[in-house]
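Sequence plus the predicted model coming up.
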Amino acid sequence: MDQNKQETTNTTTTAVTDVTALTGDITSTAEVTANDVVALANQDTEASKVTAKPRKNKLHQFDYEDGDTGEVFHIVAVYPGIRAARKLLSESKNQLGVLDSEEYAKRLLALVVAPKSPKIDFDFFDEHGGYNTIVDEIDKFFSAQLH
């Protein structure tokens, strides 16, 4: 056997073992070629790349119309910065380290909703609908700033 062919066979056999260990879906060594190994290596490289997304706007405005009263509320959400955001997330966790959704919503509404917006807290939702709609909209904006 030619030395180059022997090296390719050894490389392919070693790669088959690596591919099988990584994917678990290779049923026989005859199915794997050097091209398969290169393709898998390229996939692994592509998956490990991390690219920073461009910063989003630090301000988000939206209108919420109360379905019961027809009243329209103009809500302005302001990203508080990374330190305040991390503190909000940390302080919203219970003793087990799990995010407490009520505490998170309370802190999110208090910190992220701009002072010039209507005061939106749990008392607001006793008189108006839209808890999920408003909190979800603010949460999406807030979360997008962290990514």
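That came through, no problem. Numbering: from 1, shown residues only.

Give me the below-cutoff pLDDT ranges for this protein.
Within the chain, the stretches with pLDDT under 70 are 1-57.

domain assignment for it?
What automatic domain parsing lists as the domains of the chain is 3-47, 59-146.

Can you report how many residues lie near I120?
Other residues within reach of I120, judged by other Cβ atoms under 10 Å, total 22. Any C-beta I mention is one placed from the backbone N, CA and C, and that applies to glycine too.

likewise S101?
11.

ok, now the one 3 residues further on?
Other residues near Y104 come to 18 when the count uses other Cβ under 10 Å.

Let me see the contact set for F141.
56, 60, 77, 79, 112 (Cβ atoms under 8 Å, 6 or more residues apart in numbering).

ok, D121 to K87 distance?
19 Å (Cβ to Cβ, to the nearest Å).

Same question for K93.
Relative to K87, and taking Cβ to Cβ, K93 is found at 11 Å.

How about H74?
Taking Cβ to Cβ, one finds H74 at 27 Å from K87.

quick revisit: switch the contacts of F141 over to CSV; also include neighbour count.
As requested, the contacts of F141 are exported to CSV (neighbours: other Cβ atoms under 10 Å):
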residue, neighbour count
K56, 13
H60, 20
A77, 26
Y79, 20
V112, 24
